[in-house]
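A.B. asks: attaching a predicted model along with its sequence, questions to come.
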Amino acid sequence: MTENLPTAEPEYDVAAPLDTDFYLALGDVSDDEKEVWRRARAFALEPDVLPRIREAWDRHEYPLDLVARLGAVDLLRDGVPVDGLPEVSRVAAGLAMMELSRLDGSIATVAGVQGGLAMRSIQLCGSDEQRAELLPAMSRGELYGAFALTEPTHGSDSVSLETRAERVDGGWRLRGHKKWIGNGAAGGVSVVWARSAEDEQVRGFIVRQESEGYTAEVIKGKVALRAIDQAHITLDGVFVPDADVLPEARSFKDTSRVLFATRVGVAWSALGQAVGCYEAAVQYAGQRIQFGRPLAAAQTVQTRLAEMLSQLTQVQLLVLRATRLEDEGRLTGPMASLAKYSATRAARSIAANARDMLGGNGILIQNEVARHFADIEAMHTYEGTETVQGLIIGRDITGIGAFA
């Protein structure tokens, strides 16, 4: 008889947004910035979105249907200006990135790759014709974009990349390998960074993924970012016509312009995932009963939540200040590195605390924290590892480069 069975464990509802903003740091953003944030929140709260993400993450599938929906509500361009679309401030783009990251790290990475890296490369380094042809379709999610910089043997030392570009009649031929390239096998365009055989400078090329000699293999076996595909790309004499060469990408300094512009975006993403972990922990603590009372009634739980809130609030203040400085043209490279360094470190700590607080339930995909816990590990690495960011900051402090 079922009435004689012990009480079954309830389902925990830990995904609802709580609008955590203890110091009211985000309350003073403009109405236009709040509208972009609300649009991201509305997407995140559509009833079928979170179940679709959980399913895709569990199965290691890339939910391209959600990418199209992000494009339909103008959430793919990470603030990159596109003719015919409204201007989006850096703060507005950051708030949208934060909200998408609170939902899921893979979905936020889609926007970071499509807009922050691929579209921004074309916007900053491309011609008027290239921008007019590609950016509108990319912003709508009709054309996928990849940023192909990292190589199998060159991650943190990407300045040493070995992919070669040789000038030929009417264009260039590219040879080499790229690894960890989001959207690299999606069937769109890849912005490939390669070293010119003419002068050894790094140049940028728009490569159509259907080009002969371009092959991409989706990387399997990931334990993080499982709802977006990264690819290992082989470039075997791929021909790039002159019309698809980025005219303003003439050295690694131009590559760095793109990376610099995305570093604070990664900090916003870390903030969003930290918010997701913290708010899940708060809600779980109120719902989970142990020893005849909710976890929230325990002193140790309250002090741990206070610690998490302290870290979260510091990151909110940091990333908002960094973004305002970027808007004013006063953000330096080391400042951007400090934002990424601090935000990902704090997010790691908050995620670990939240996962531990949820106990065994903390490793279940349906309880949110496990996905964030894994995805934050990936984010802590991409766009420059903690060590590299620390060396950039350390060089600024001491005046001495210690990279070698």
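C.D. replies: Perfect, thanks for sending it.
A.B. asks: and the strands in the stretch 101-250 of the chain, which stretches?
C.D. replies: Per DSSP state E, counting those that start in this stretch, the stretch 101-250 of the chain carries strands over the ranges 145-148, 164-168, 171-182, 189-196, 202-208, 214-218, 230-241.
A.B. asks: hang on, R120 packs against A261?
C.D. replies: Yes - between R120 and A261 there is a contact at 5.8 Å, judged by CB atoms under 8 Å. Every C-beta, even on glycine, is put in place using the N, C-alpha and C of the backbone.
A.B. asks: of the two, which one has the most company?
C.D. replies: Between R120 and A261, counting by other CB atoms under 10 Å, R120 is the more crowded of the two (28 against 22).
A.B. asks: what about L143, distance to K220?
C.D. replies: Using CB to CB, to the nearest Å, one gets 25 Å for the distance from L143 to K220.
A.B. asks: who has more neighbours, those two?
C.D. replies: Neighbour comparison, L143 and K220: the larger count goes to L143, with 21 against 8 (by other CB under 10 Å).
A.B. asks: how about the more buried one, nearest residue that isn't a chain neighbour?
C.D. replies: A137 (4.0 Å; CB to CB, 6 or more residues apart in numbering).
A.B. asks: what stretches of the stretch 151-300 of the chain score poorly on pLDDT?
C.D. replies: Along the stretch 151-300 of the chain, segments meeting pLDDT under 70 span 155-158.
A.B. asks: minimum distance to F22: which of the strands of the stretch 101-250 of the chain has it?
C.D. replies: With CB to CB as the measure, strand 171-182 is the member of the strands of the stretch 101-250 of the chain nearest F22 (33.3 Å).
A.B. asks: who are the contact partners of A231?
C.D. replies: Neighbouring residues of A231 by CB atoms under 8 Å, 6 or more residues apart in numbering: 146, 178, 181-185, 216-219.
A.B. asks: turn the residues you listed into CSV, columns for distance to Q130 and neighbour count.
C.D. replies: CSV is the format used below for those (distance: CB to CB, whole Å; neighbours: other CB atoms under 10 Å):
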residue, distance to Q130, neighbour count
A146, 15, 28
K178, 20, 28
I181, 20, 26
G182, 20, 26
N183, 18, 29
G184, 19, 29
A185, 22, 23
A216, 22, 23
E217, 27, 12
V218, 27, 14
I219, 28, 15
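A.B. asks: kindly indicate which of these lies nearest A298.
C.D. replies: Minimum distance to A298 across the contacts of A231 is 41.1 Å, recorded for G182 (CB to CB).
A.B. asks: residue ranges with poor pLDDT in the stretch 1-150 of the chain?
C.D. replies: Using pLDDT under 70, the flagged stretches of the stretch 1-150 of the chain are 1-3, 6.
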